[in-house]
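1. Prediction below, plus the sequence it came from.
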Amino acid sequence: MATILDGKKLSEKIKQEIAEEVKKLTDASLQPPGLAVIIVGNNPASKVYVSSKKKACAATGIFSLEVALDENITQDKLIEEIEKLNKNDKINGILLQLPLPKHFDEHSALEAISPEKDVDGFHPINVGKLYIGLDSFVPCTPKGIIEIIKRYNISVSGKNAVVIGRSNIVGKPIAALLLKENATVTIAHSKTQNLPELVKSADIVVSAIGKPNFVKGDWIKEGAVVIDVGINSVDDPSSPKGYKLVGDVDFEEAEKKASYITPVPGGVGPMTIAMLLSNTLKARLRIGS
Ligand code: NAD
């Protein structure tokens, strides 16, 4: 039976560590880290994410500022708001909640964020730095995965890692990070052939697809490390909400073969916000007192 990689518990510990670092600043009468979260429009899921980010900031002593913008503003107005935050000394990190309403150009909006305040790590400068191995802001979900791996003392060097999914948010950056840790990395995606065979060769499997129970238990090599990033809602008449959240991996079967496995929920998910706080603290500490 696999050891469960408890991202919830680990994220609480990391948040505690961050709160202690923030307290050192405020005890010395220095400014706490500040995070601005920009939300455009009324997407209900985005509102939930923004509110949980604000709560996490408050719990660790990080100053947070929500910038709520009307869905009908222009791209130029959005860029103007970002530029104001770039110049705001109280703000160390800027997060643009995605997705933006359809008429916006997401790429140019993300590029308007100062790379020094890009705590989501989506600016091309930070993406490029990650690939050439320079210190950068790393996107929060992949950073959280590496943190889980390191804190559980899982060795990566020389291992075969298969990443399923090639998004800019998860698949590509986690592949770059595993490569940096000296894994031999394969990125699989929707056009990949013989995926089950590929997964069977993996010592480390990271699944970031978004399809419930897609990765079968018998694809998992005996003793492999399984990181399930997927968050999928499936019908569950026994739950009061009528649904439950599951990952991409058939957990019950995979758990019997893996050495370590992340649950969904309670695995990678909680680490993502903890890493946002960690990146915001890093942005604050970079500028000294
Ligand atoms: P995405 O839709 O941008 O990418 C999905 C990837 O899956 C694509 O690269 C695609 O090529 C690949 N894919 C689709 N069908 C496939 C198939 N049949 N075989 C192999 N590959 C296939 O999604 P994303 O933003 O990377 O998110 C992936 C999942 O992770 C989603 O469930 C999302 O909700 C979840 N997620 C979780 C967190 C977290 O904090 N835990 C953060 C981000 C995303």
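-> It's in.
2. what residue is smack in the middle of this structure?
-> In the chain, the residue lying closest to the centroid (CA atoms, centre = their mean) is residue 141, at 1.6 Å.
3. and the gap between that one and residue 189?
-> Applying CB to CB, to the nearest Å, the value for residue 141 to residue 189 is 17 Å. Placement of C-beta: from N, CA and C, glycine included.
4. contacting residues for residue 258?
-> Residue 258 makes contact with 2, 220, 223, 224, 225, 226 under the criterion CB atoms under 8 Å, 6 or more residues apart in numbering.
5. let's see 10 Å
-> 1-5, 205, 217, 220-227, 249, 251 (CB atoms under 10 Å, 6 or more residues apart in numbering).
6. these two touch, right, the residue nearest to the centre of the chain and residue 122?
-> No - the criterion here is CB atoms under 10 Å, and residue 141 misses it with residue 122 at 11.6 Å.
7. Close to the ligand: what parts of the stretch 101-250 of the chain are there?
-> Neighbours of the ligand within the stretch 101-250 of the chain, by CB under 6 Å from any ligand atom: 141, 164-167, 169-171, 188-190, 192, 195, 208-210, 229-232.
8. filter the residues you listed to the buried ones?
-> Among these, those scoring as buried are 141, 164-167, 169-171, 188, 195, 208-209, 229-232 (criterion: 16 or more other CB atoms under 10 Å).
9. among those, which are in strands?
-> Within these, residues falling in strands by DSSP state E are 164, 188, 232.
10. Would you format these as CSV with pLDDT included?
-> Output for these, formatted as CSV (pLDDT from 0 to 100):
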residue, pLDDT
164, 99
188, 98
232, 96
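11. what residues are shared contacts of residue 141 and residue 122?
-> With CB under 10 Å, 6+ apart as the test, residue 141 and residue 122 both reach 169, 173.
12. give me the beta-bridge partners of the nearest residue to residue 188 once chain neighbours are set aside?
-> Computed as CB to CB, 6 or more residues apart in numbering, the closest residue to residue 188 that is not its neighbour in sequence is residue 164, at 4.7 Å. Bridge pairing for residue 164 (DSSP bridges) gives the partners residue 188, residue 207.
13. Report the contact partners of residue 164.
-> Contact partners of residue 164, counting by CB under 10 Å, 6+ apart, are 171, 186-190, 192, 195, 198-199, 202, 205-209, 211, 214-215, 229-230, 248-249.
14. Let me see the contact set for the residue in the stretch 1-150 of the chain that the ligand sits nearest to.
-> Going by CB to the nearest ligand atom, the ligand is nearest to residue 141 of the stretch 1-150 of the chain, at 4.1 Å. For residue 141, the contact set (CB under 10 Å, 6+ apart) comprises 120-121, 167, 169-170, 173-174, 208, 229, 268-269, 271-272, 275-276.
15. rewinding a little: can you flag the buried ones in the contacts of residue 258?
-> Buried members of the contacts of residue 258, scored by 16+ other CB under 10 Å, are 2, 4-5, 205, 217, 220-221, 224-227, 249, 251.
16. among those residues, which are in strands?
-> 4, 205, 225, 226, 227.
17. before we move on, the earlier item: what's the closest of the ones in strands among the buried ones among the residues of the stretch 101-250 of the chain next to the ligand to residue 102?
-> Of all those, residue 232 has the smallest distance to residue 102: 23.8 Å, by CB to CB.
18. Give me the pLDDT for the closest residue to the closest one other than its chain neighbours.
-> Excluding the flanking residues, the one nearest residue 232 by CB to CB, 6+ apart is residue 212, at 4.0 Å. The predicted structure scores residue 212 at 97 on the pLDDT scale.
19. got the CA positions of the helix or strand hosting residue 147 in PDB?
-> Using DSSP states H and E, residue 147 sits in helix 140-151. Output in PDB follows, covering the C-alpha atoms of helix 140-151 (Å, rounded to 0.1, in the frame of the first residue of the first chain):
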ATOM      1  CA  CYS A 140       2.500  27.600  -7.900                       C
ATOM      2  CA  THR A 141       1.100  24.100  -8.700                       C
ATOM      3  CA  PRO A 142       4.400  22.700 -10.100                       C
ATOM      4  CA  LYS A 143       6.300  24.400  -7.300                       C
ATOM      5  CA  GLY A 144       4.000  22.700  -4.900                       C
ATOM      6  CA  ILE A 145       4.600  19.300  -6.400                       C
ATOM      7  CA  ILE A 146       8.400  19.700  -6.100                       C
ATOM      8  CA  GLU A 147       7.900  20.800  -2.500                       C
ATOM      9  CA  ILE A 148       5.900  17.700  -1.700                       C
ATOM     10  CA  ILE A 149       8.600  15.500  -3.400                       C
ATOM     11  CA  LYS A 150      11.400  17.100  -1.500                       C
ATOM     12  CA  ARG A 151       9.700  17.200   1.900                       C
END
